[in-house]
Each structure stands twice: as C-alpha cells, then as structure tokens.
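Novice: give me a model of this one.
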Amino acid sequence: MSNSDGSVQHNHRRVKFNAEERKAKVARLYLGRNTIASMARMLEVTTQTIQRDLKDCREQWQGDQLENTAEQITRELEELQKMESDCDAQFLATKDPVWIEKRMRIKERRAKLMGLDKPAQIQQVGEVNLNIIMPPEDPLA
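Specialist: Numbering: from 1, shown residues only. Here you go, the predicted structure:
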C-alpha cells in the first residue's frame, strides 16, 4: 500500500533495509561474543528483537552450510567419477588387476558419500522392529 507519491512504500523499503543492516550487525556482535542484552543496548532495540535476529542468522548459516556441503559432495562425486573412468581405461590398457582394486575403493568412497553404506531399516514387521545391516560385498573374495 502506498500513497500516490510512493512515500509509504519508500519508508517500508528503508525499514526493511535497516532490519537487514541490523541483522548483519547482530551477527558481527554475536560472533564477537557479545551478550544479547549488550547487543540490544548497543543497537537500541529489545532483547526479543536481538533473539529474533539471531534466530534468522542461525537459519541462514545452517542453510549456507547445507549448500556448501552439497556443493562439496557434488564436486567429490564428479572427481570420483573421473577417477573411476581413468581406472577403467588403465585396466583395459594393462589388464593389471590393481586397477580393479582401485576402482572398488572408489566405489566404496562413493557409497559412503551418498550414505549407501548405512544399515537399511525396516519399520515394522508384525510386532518386531528389524535393523538389517548389509555387510559390504568383497568382490575379490
């Protein structure tokens, strides 16, 4: 909702900008080990505002961490794929079984990254909960 001159909208944007600016200051003060009460005094806001800002900061940091972790896993999986292809090429060229062993270690690493090596859990069979732990297969055995 704005006046014909847009003054309310302009004020809303300024308040939003101040809130974002304040959250950035709260984050810096928090990382500097300031208390909630001292941050509230410094920024001339209530402790509830600081707590709400900290909650928003933590959510942002957690989201950033998840994105960074996902990107890192993706890069690692891409590198493992290239390494596996290289092992295939080396095996075809040399017929040396050491390349098969290396490829299996790469596959194990990929499975760990993707969580495929965790036990499978079956919710309920009758009245018994079962956890099935699948041992890794040893292709050389």
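Novice: helices or strands next to the helix or strand harbouring Glu71 in the packing?
Specialist: Glu71 is part of helix 47-94, with elements assigned from DSSP states H and E. Under the contact criterion of 3 or more Cβ pairs under 8 Å, 6 or more residues apart in numbering; DSSP states H and E, helix 47-94 touches helix 7-31, helix 36-43, helix 98-114. For every residue, glycine as well, the C-beta is placed using N, CA and C.
Novice: which of the ones you listed comes out lowest on mean pLDDT?
Specialist: Comparing mean pLDDT across the helices and strands packed on helix 47-94, the lowest value falls on helix 7-31: a mean of 72.
Novice: what angle sits between the helix holding Glu71 and helix 98-114?
Specialist: 160 degrees (axes from the mean of the first three to the mean of the last three Cα atoms, to 10 degrees).
Novice: residues in contact with the residue nearest to Met42 when sequence neighbours are not counted?
Specialist: Take Met42 and drop its neighbours on the chain: the residue closest to it by Cβ to Cβ, 6 or more residues apart in numbering is Leu29, 6.8 Å away. With contact set as Cβ atoms under 8 Å, 6 or more residues apart in numbering, Leu29 has these partners: Ser38, Met39, Met42, Leu43.
Novice: closest one to Cys87 among the helices and strands packed on helix 47-94?
Specialist: helix 98-114 (4.2 Å; Cβ to Cβ).
Novice: so which bits of the closest one are buried?
Specialist: Trp99, Lys102, Arg103, Met104, Ile106, Lys107, Arg109, Arg110 (16 or more other Cβ atoms under 10 Å).
Novice: dump the residues you listed into JSON lines; add distance to Gln72 as well.
Specialist: Listed next are these as JSON lines, based on distance: Cβ to Cβ, whole Å:
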{"residue": "Trp99", "distance to Gln72": "27"}
{"residue": "Lys102", "distance to Gln72": "22"}
{"residue": "Arg103", "distance to Gln72": "23"}
{"residue": "Met104", "distance to Gln72": "23"}
{"residue": "Ile106", "distance to Gln72": "17"}
{"residue": "Lys107", "distance to Gln72": "19"}
{"residue": "Arg109", "distance to Gln72": "14"}
{"residue": "Arg110", "distance to Gln72": "14"}
